[in-house]
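Novice: sequence-free structure coming up:
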């Protein structure tokens, strides 16, 4: 709910509650204009407490000078709200002290006008200061101080979560770098030696054993491919940068040319823009799909006609299709295809591989032109991003019981008082029987005797006069009038409604 709307509802509720005293006064009746003024005053304290909390606490004091308890009771909520906004304890207690003195002064003015005794005045002032001022203000201050502390705790938790994620990411990077270093030192040198020896062996076989030339050439090419794959793995692990033109048209043409030179019949069809400025993850995926598919053609269908199709539109579609081969198909582990599928899905693409109806084999990948997923990390199932920070609501719920107890002690008595007063004001009906009316005597009966026994009646149009309903009669009222100075009854009479 909007804050302004909520404040408007609270102000309207306080105003209407205070106006109940017009029709059902609690205690000695007050002039109607004074009741309306106190109602407006109580309603105005609600927006004031939001904008000027310090003034709101002080401005609750004048209500104690008016005999309108239904306007005084809701001020505990105003004080509670204002106390939440005041950060300085010294300033809060200074305001409470000033307001208590002002309340005592306005309360003394009211007691003097109403003729209350000293004990009644002291008890009323103590109750108002304790339950309607001190308790709400202290409870509001505790709740207000808890909010910045909760914010600090939330930020600290957020920092620790990010620090933990950063530490884990650094550890993974160090591990990958170590593995890559070991692979580079141990394998790359051996593969280079193997490639060099295979080249020398190929030249020797061409002169001394021509029938072994193709097998030796295959060994040399395989070792060269293995060296390229090792370089790519080291690039994924983050120690060696991948080729800048990987996945571009030039790169794919190079792969096709290499396969053609190896004796495979390959034809390239490229449509759309080049991928030179595309995302590096997309280009690496295109390179890997084409290369892995052509490697499979070399292994399983070297005599088949192969077609490589790359279509660049809003998405990038890569398709490698080879026809049936006269060579016997060798067995495979499908690990390469599984790796391709994982790589393609990692950037939000779709991968298909299988035998078409016409025979041969087909590899297809549908890739997004602008991948939005995170960069590959080389580790699956690990947390790379800190979880969302704990919100203030989660942190404060367990503390509501502890820090809210004092708030409950302050708000419930005020609300309970307002509720009881409202019930008494609405449902109490000052009545008097005829026998009781006849027992009263002019110049003898005192006003306090009547009000203590029958309560305050409805103010009459005559000053100093109250009207009481006649018990068991629906059309008569008794009017009793008293002298303001002596408090003695001056007149009494029956009035028709």
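Specialist: All right, it came through fine. Here the structure is a predicted model, which is why all the values come from computation and not from measurement.

Novice: what residue ranges in the stretch 51-200 of the chain score low on pLDDT?
Specialist: Low-confidence segments of the stretch 51-200 of the chain (pLDDT under 70): 114-116, 146-148, 178, 180-186, 188-189, 192-193.

Novice: all helices for it, in order.
Specialist: 53-58, 69-72, 75-85, 89-114, 118-129, 135-183, 189-208 (DSSP state H, counting those that start in this stretch).

Novice: Which elements pack onto the second one?
Specialist: Counting contacts by 3 or more CB pairs under 8 Å, 6 or more residues apart in numbering; DSSP states H and E, helix 69-72 packs against helix 3-19, helix 32-51, helix 400-427. All C-beta spots, glycine's among them, are computed from the backbone N, C-alpha and C.

Novice: mind giving me TSV with the helices of the stretch 51-200 of the chain and columns for distance to residue 470 and mean neighbour count?
Specialist: Supplementary listing: those in TSV, determined by distance: least, CB to CB, whole Å; neighbours: other CB atoms under 10 Å:
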stretch	distance to residue 470	mean neighbour count
helix 53-58	46	20
helix 69-72	27	24
helix 75-85	38	25
helix 89-114	27	16
helix 118-129	31	15
helix 135-183	43	15
helix 189-208	116	14
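
Novice: Residue 4: which of the ones you listed is closest?
Specialist: Nearest of the helices of the stretch 51-200 of the chain to residue 4, taken as CB to CB: helix 75-85 at 14.4 Å.

Novice: residue at max distance from the center of the chain?
Specialist: Using CA atoms, centre = their mean, the residue of the chain lying farthest from its centre is residue 208. It sits 78.3 Å away.

Novice: Roughly how far does it sit from residue 202?
Specialist: According to CB to CB, to the nearest Å, residue 208 stands 11 Å off from residue 202.

Novice: Could you do residue 351 as well?
Specialist: With distances taken as CB to CB, residue 351 is found 36 Å from residue 202.

Novice: Dump the helices of the stretch 51-200 of the chain to a markdown table, plus distance to residue 303.
Specialist: Putting the helices of the stretch 51-200 of the chain into a markdown table (distance: least, CB to CB, whole Å) gives the following:
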| stretch | distance to residue 303 |
| --- | --- |
| helix 53-58 | 89 |
| helix 69-72 | 101 |
| helix 75-85 | 84 |
| helix 89-114 | 90 |
| helix 118-129 | 103 |
| helix 135-183 | 35 |
| helix 189-208 | 21 |
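
Novice: Outline the domain layout of the protein.
Specialist: The record's domain parsing of the chain by automatic domain parsing lists 3-160+392-427, 250-377, 431-496.

Novice: picking up where we left off before, residue contacts, the residue farthest from the centre of the chain?
Specialist: If you count contacts by CB atoms under 8 Å, 6 or more residues apart in numbering, residue 208 has none.

Novice: Between the helices and strands packed on helix 69-72, which has the poorest mean confidence score?
Specialist: Across the helices and strands packed on helix 69-72, the stretch with the lowest average pLDDT is helix 400-427; it has a mean of 55.

Novice: Break down the stretch 301-450 of the chain into its helices, ranges please.
Specialist: 335-346, 392-396, 400-427, 434-439, 447-454.

Novice: one step back: residue 220: which of the domains of the chain is closest?
Specialist: Per CB to CB, nearest to residue 220 of the domains of the chain: domain 250-377, 10.4 Å.

Novice: In a markdown table: the domains of the chain, plus distance to residue 173.
Specialist: What follows is the domains of the chain, written out as a markdown table (distance: least, CB to CB, whole Å):
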| stretch | distance to residue 173 |
| --- | --- |
| domain 3-160+392-427 | 20 |
| domain 250-377 | 9 |
| domain 431-496 | 83 |
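
Novice: Could you say which one of those comes nearest to residue 169?
Specialist: Closest approach to residue 169 among these (CB to CB): domain 250-377, 8.0 Å.

Novice: what about the closest one, distance to the chain center?
Specialist: Centroid separation between domain 250-377 and its chain, computed with CA atoms, centre = their mean, to the nearest Å, is 45 Å.

Novice: what is the rounded mean pLDDT of it?
Specialist: The average pLDDT for domain 250-377 rounds to 85.

Novice: for stretch 447-454, same thing?
Specialist: For stretch 447-454, the mean confidence score works out to 80.

Novice: List the buried residues of it.
Specialist: Along stretch 447-454, these residues count as buried under the neighbour rule (16 or more other CB atoms under 10 Å): 447, 450-451, 454.

Novice: So what touches that stretch?
Specialist: 28, 430-432, 436, 440, 466, 468, 480, 482, 487-489.

Novice: ok, residue 260 to residue 286 distance?
Specialist: Residue 260 is 19 Å from residue 286, by CB to CB.

Novice: Pull the most distant pair out of the contacts of stretch 447-454.
Specialist: Within the contacts of stretch 447-454, 431 and 488 form the most distant pair, 22.6 Å apart (CB to CB).

Novice: Please identify which of those two sits among more neighbours.
Specialist: A direct count of neighbours by other CB atoms under 10 Å for residue 431 and residue 488 places residue 431 higher, at 17 against 14.

Novice: and residue 304, how many neighbours does it have?
Specialist: 20.

Novice: And the nearest residue to residue 314 once chain neighbours are set aside, how close does it get to residue 132?
Specialist: Leaving aside its sequence neighbours, residue 314 sits nearest to residue 369 (CB to CB, 6 or more residues apart in numbering; 6.1 Å). Between residue 369 and residue 132 the computed distance is 68 Å (CB to CB).

Novice: who's more crowded, those two?
Specialist: For residue 369 versus residue 132, the count of surrounding residues by other CB under 10 Å is larger for residue 132: 26 against 15.

Novice: Spatially, what comes nearest to the more buried one if we skip its sequence neighbours?
Specialist: In space, residue 132 is closest to residue 76, 4.7 Å off (CB to CB, 6+ apart).

Novice: what's the answer for residue 19, then?
Specialist: Residue nearest to residue 19 in three dimensions, not counting chain neighbours: residue 39, with 5.0 Å by CB to CB, 6+ apart.

Novice: ditto for residue 263
Specialist: Closest residue to residue 263 apart from its sequence neighbours, by CB to CB, 6+ apart: residue 302 at 6.6 Å.

Novice: Could you report the distance from the one you found to residue 289?
Specialist: Using CB to CB, residue 302 is found at 19 Å from residue 289.

Novice: and if you look at residue 265?
Specialist: Residue 265 is 20 Å from residue 289, where distance means CB to CB.

Novice: How many neighbouring residues does residue 267 have?
Specialist: Per other CB under 10 Å, the neighbour tally for residue 267 reads 11.
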